[in-house]
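Undergrad: Structure here, sequence nowhere to be found:
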């Protein structure tokens, strides 16, 4: 019985190893081809390793960074993601606390509107949202976080309010009786207790904002501001010959930071995403 | 406490509520209204009643994209859930080495954005197609269909696998042990004990893959952009093209009406999901 189980486990490990290799193959293939010379990137030779003849070092990467303004896009993407997630975490946790503790028609209505907004597909509001954003001049990377706060509030308020129900009311009441104002109670008592769910919400919203393509495309002026997904789409979707080398290099430049962050915090990320899925 | 907190409502609620109004409430109701109008910008809307909706159901490209989306959704839901469930079963085996590494690898594509995923697979699939001598993606709707499915599987299997693993780990050991003592073999334990216990996870995953398939946009745009001749265009992309690929007063209203129909469809799916998950919870 024991040895039979061992045998099955070894078999499983072998199959899983092959599967994992297949799984990372697309990324590895892009990596190898991004290191080749532009004229050696052909469809027939796509699956060969770069040789001494075709190896081009980091030229494609340098081209991608210089010609396509990759660093600028990286900056915009970073700023938009960080400002949006920070705003969502701060304002939505405050709102969630209020909605969980104050029972009124308004808070019930607001809560259900938040739940409803998670279901509505973006196509429903994309046209009117982009024209509203234009009218209010919310169309630069510096203030697009207001739009993200509005559209990301649904998930954040829903998840944090759900978590709030498991926090004992007595701790907050004790703080208030001791003379804390609601603001102080929130920041020194409630917020620290919310940490696990804030991590989950933060990861989910960061993944969404960082990878979002349609919203920034419709809201931002594409000629002056391109986030990374916009840059990749612009690169590939524009007419004329596409330079495959720099194209693949910029794909790699986009993926590498994600993989590094993922490997550093994979436990939190996997847990956070799973928590969000089960509740959503 | 409620009273004290109520005085602070402007600080606690107003920022989120204002942004939520700009980002969701106003665009949603304005969109609802505009679906009954003819317009080229939000300022020159002219009320025309149900005209746009009548055209939605006569628009062949919309109906085609609906059926394409349905065909895509059915196959990808089955593939993703079966593969993810099997992977989760294997990865929760006792004494299996390296489960963490495998989990990390399978989950990774989920973090990469749809646009980038689409182009990675476009390059890969076009290479394979040119080697076997078939037409490339831009001219090959069969390859486009299966390409989208492969791409969707690659992205979503890891995610669903994580949910299934959590579900399987929640099955109490006492139950599987009791089944073993009663003489159940591994297959029977799986079918009669584990499967019913992870039913809630299955409901969640099936509906997640269902709504994800219906809402798919970035991947569709990047991989095939609807080519050839709109044959691989899914609902979300069809709506987008109606809005932005054509000029003139006739199209924006039609696009908004399509969006409302699309929205209703997604809401109905979500309501069924809500009912299904809750009825399962009661039984446990």
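TA: Okay, I see it. What you see is a predicted model; the values in this text were computed from it and never measured. Numbers count the residues shown, from 1 in each chain, chains lettered A, B, ... in the order given.

Undergrad: tell me which element the closest residue to residue A:101 other than its chain neighbours falls in.
TA: Among residues not flanking residue A:101 along the chain, residue B:5 sits closest, at 5.8 Å (Cβ to Cβ, 6 or more residues apart in numbering or on different chains). C-beta: built from backbone N, CA, C; applies to glycine. Assigned by DSSP states H and E, residue B:5 belongs to helix B:2-7.

Undergrad: So which bits of the helix or strand just after that helix are buried?
TA: With elements assigned by DSSP H and E, the helix or strand that comes after helix B:2-7 is helix B:9-12. For helix B:9-12, the neighbour count (16 or more other Cβ atoms under 10 Å in any protein chain shown) marks B:9, B:12 as buried.

Undergrad: circling back to that earlier point, can I assume the residue nearest to residue A:101 is in contact with residue A:183?
TA: No - using Cβ atoms under 8 Å, residue B:5 is not in contact with residue A:183, being 10.0 Å away.

Undergrad: which one of those two has more residues nearby?
TA: More neighbours surround residue B:5 than the other of residue B:5 and residue A:183, with 19 against 12 (other Cβ atoms under 10 Å in any protein chain shown).

Undergrad: quick one, phi psi at residue 245?
TA: Since you didn't name a chain, this refers to chain A. Here is the backbone geometry of residue A:245 (degrees, to the nearest 10): phi -60, psi -60.

Undergrad: hm, I was asking about chain B
TA: Phi and psi for residue B:245, reported as degrees, to the nearest 10, are phi -90, psi -10.

Undergrad: Let me see the contact set for residue A:196.
TA: With contacts defined as Cβ atoms under 8 Å, 6 or more residues apart in numbering or on different chains, the neighbours of residue A:196 are residue A:163.

Undergrad: does it count as helix, strand or coil?
TA: Here residue A:196 is recorded as helix under DSSP: H, G, I helix; E, B strand; the rest coil.

Undergrad: Please report the distance of it from residue A:275.
TA: 8 Å (Cβ to Cβ, to the nearest Å).

Undergrad: same check, this time on residue B:226
TA: Distance from residue B:226 to residue A:275, counting by Cβ to Cβ: 35 Å.

Undergrad: Tell me the confidence at residue A:147?
TA: As predicted, residue A:147 sits at a pLDDT of 90.

Undergrad: so what's the spatially closest residue to it that is not a sequence neighbour up against?
TA: By the measure of Cβ to Cβ, 6+ apart, the closest residue to residue A:147 outside its immediate chain neighbours is residue B:23, 5.1 Å from it. Residue B:23 sits next to A:129, A:146-151, A:153 when contact means Cβ under 8 Å, 6+ apart.

Undergrad: mind running it again at 6 Å?
TA: Counting by Cβ atoms under 6 Å, 6 or more residues apart in numbering or on different chains, residue B:23 makes contact with A:147, A:150-151.

Undergrad: From these, which land in strands?
TA: Within the contacts of residue B:23, no residue falls in strands by DSSP state E.

Undergrad: Just put the residues you listed in JSON lines and tack on distance to residue B:148 and neighbour count.
TA: Below are the contacts of residue B:23 laid out as JSON lines (distance: Cβ to Cβ, whole Å; neighbours: other Cβ atoms under 10 Å in any protein chain shown):
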{"residue": "A:147", "distance to residue B:148": "29", "neighbour count": "26"}
{"residue": "A:150", "distance to residue B:148": "31", "neighbour count": "28"}
{"residue": "A:151", "distance to residue B:148": "26", "neighbour count": "26"}
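
Undergrad: Just give me the closest of these to chain B.
TA: Within the contacts of residue B:23, proximity to chain B (Cβ to the nearest Cβ) peaks at residue A:150, which comes in at 2.0 Å.
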